[in-house]
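> Attaching a predicted model along with its sequence, questions to come.
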Amino acid sequence: MEAELTALAASGATTFVGLMATEAWTQARGRLARFLGRGERDDVIDAELEESREALIAAHRDGDEDGARDVAAEWRIRIRRALRDNPEAEQELRAILDDLAPQQAAGPTVAINHNTISGGHYNAPVIMAQWVNDGVSSTPRRGPGTA
């Protein structure tokens, strides 16, 4: 169970930190503050989240990858602690993440194909794929026999 809560906390931290630099942050910040504050310290946590956002933006601006990772690590620990301390928090966090998921930008899509190459000599890497999608929409391809 601890591994599941740790994974959920990591997912939550990744989602919230990812939203810190977007327009959806205001809504996400309020929901995270209410989740972590449990109605008692919402305003304090809200201010801490805003400080983290400013630190994250500064880290990205300065190319400080360690600083950006530190922000995510801080919130991952705090979310994990909240999940451990309050059994009802797991479902609440899952609901928040489900609600916020459509607001995230769609990233690259990856599918794993299992291919086998036998025989012959290959002097360079061989890449075989069913399809590759970098998140950019394009017009459908037309092949033989299509209108």
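All right, it came through fine.
> distance of Arg41 from Ala21?
Arg41 sits 24 Å away from Ala21 when distances are taken as CB to CB, to the nearest Å. Where you see a C-beta, it was placed from the backbone N, CA and C, and this is true even at glycine.
> quick one: the strands in the protein?
Applying DSSP state E to the chain gives no strands.
> Confidence-wise, which helix or strand of it is lowest on average?
helix 2-19 (a mean of 83; mean pLDDT, DSSP states H and E).
> Let's see that helix as CSV, backbone CA atoms only.
The C-alpha trace of helix 2-19 is given here as CSV (Å, rounded to 0.1, in the frame of the first residue of the first chain):
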residue,chain,number,x,y,z
GLU,A,2,2.9,2.4,0.8
ALA,A,3,4.2,1.9,-2.8
GLU,A,4,0.8,2.8,-4.2
LEU,A,5,0.6,6.0,-2.1
THR,A,6,4.1,6.9,-3.0
ALA,A,7,3.3,6.5,-6.7
LEU,A,8,0.1,8.6,-6.3
ALA,A,9,2.0,11.3,-4.4
ALA,A,10,4.6,11.4,-7.2
SER,A,11,1.9,11.6,-9.8
GLY,A,12,0.1,14.4,-7.9
ALA,A,13,3.4,16.4,-7.4
THR,A,14,4.3,16.0,-11.1
THR,A,15,0.8,17.1,-12.1
PHE,A,16,0.7,20.1,-9.8
VAL,A,17,4.3,21.2,-10.5
GLY,A,18,3.6,20.8,-14.2
LEU,A,19,0.6,23.1,-13.9
